[in-house]
Every structure is written in C-alpha cells, then in structure tokens.
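Undergrad: Take this sequence and fold it.
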Amino acid sequence: MRGDSTEYKGLKQKFDSLDFEVRLLRLKVERLEVAGAEITTEPKYALARNQFGVFPVSYGRAVPYLDGHKIYLDIGNPTTMRFAGAKVKVNYGRPEPRLANGDVDFSKWDEYRAGRKDYEIDVTNEFAPGRYTAVELTISPSKPEEVRELEVHVEFNVIKLPGGTQ
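TA: Below is the predicted model of the structure:
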C-alpha cells in the first residue's frame, strides 16, 4: 500500500480516530479511579476519595503571594467522624489541552502531563463532622495559569471519636 493512496489515507484517518477514542476512554477510566478531587477556579466542587469515604473539596480562590499563590480550599467532612490534621497533596499545572470543540487534545497530552507539579503539606486543621473546613495552601513558585486546575488528595492523620476506653 502506498502512502499517498486514497485507501491508505482512509485507513489512517480511521486509525487516528480510534486512537483518539481509546485515549479518551483511558482518561475517563483514570479519572474514575483517581482518589483526588479535580477542581478548577470556577465556583464548584469535586470529590476526593480516601479510606474513610468521599469528601467534597471546593476551590475558594487563588491570590498572588510572593512568587506563587495562596490557594483557599474548603474540605467537607460528610462523615460522623472528627479528623485532627491531614496531609493535603496537590497536583497542579497548565489546564488540559483542548481542541476547538472542547475535546482533549491528545497530541499535546504527554507534554501536558510532564508539565504538572506536585505540592504536599501537613495541615493541623480539625475537620468537624458535617462541616466544611477552610484550608490555606501556599504554592510557590506558580503562575496564574498553573493554579486554575488542581487535583487535590486528602489523607487524614487522626480520627477522633467520642467514647472508647482511652
């Protein structure tokens, strides 16, 4: 088969289309399996999963601070448990590359993933049951476009339950 034949071009287009669909399905499965809450600067929340359940995370705002940003999150505790402290892990970077129709641009996907950065902090906040807890992070260095999309993971350190023999 020659590289300039109509049949070859048609097969290549079908292959590229199928390749795109497979990558898109892999991305969707990855997002279902990921424990982090993928949130953006739009006023909304996402869900972070850990061994204790599912916890809503809301992106409050990002404020320039020195050579980075202060990030304000609200982490909800829908359980009846009280948590003392947490490890908050954030993956951040430029927004996902998109095509004009809104689909993910997989031709830039590897570059996008390579440009993501990690931030981790231990917070001493107490996460009361049935409430949101405000958490402040300082991500430095960072540029405004890098903190518009965050993937937030929450690992609680200590459970406080009433009663017991202690």
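Undergrad: Quick one: distance of the top helix by length along the chain to the chain centre.
TA: In the chain, taking DSSP state H as the definition, the longest helix is helix 6-33. In terms of C-alpha atoms, centre = their mean, to the nearest Å, the centre of helix 6-33 is set 24 Å apart from its chain centre.
Undergrad: So for that helix, what gets flagged as buried?
TA: Neighbour counts over helix 6-33 (16 or more other C-beta atoms under 10 Å) mark Phe20 as buried. From N, CA and C alone the C-beta is placed, and that goes for glycine too.
Undergrad: and what of stretch 56-63?
TA: Buried, per 16+ other C-beta under 10 Å, within stretch 56-63: 56-60, 62.
Undergrad: and if you look at stretch 110-129?
TA: When neighbours are counted by 16+ other C-beta under 10 Å, the buried residues of stretch 110-129 are found to be 112, 119, 123, 127.
Undergrad: From the contact counts, what lies against whichever strand or helix holds Leu137?
TA: Element membership of Leu137, judged by DSSP states H and E, is strand 131-139. With contacts taken as 3 or more C-beta pairs under 8 Å, 6 or more residues apart in numbering; DSSP states H and E, strand 131-139 sits against strand 53-65, strand 68-77, strand 82-93, strand 117-127.
Undergrad: Sweet, I'm off.
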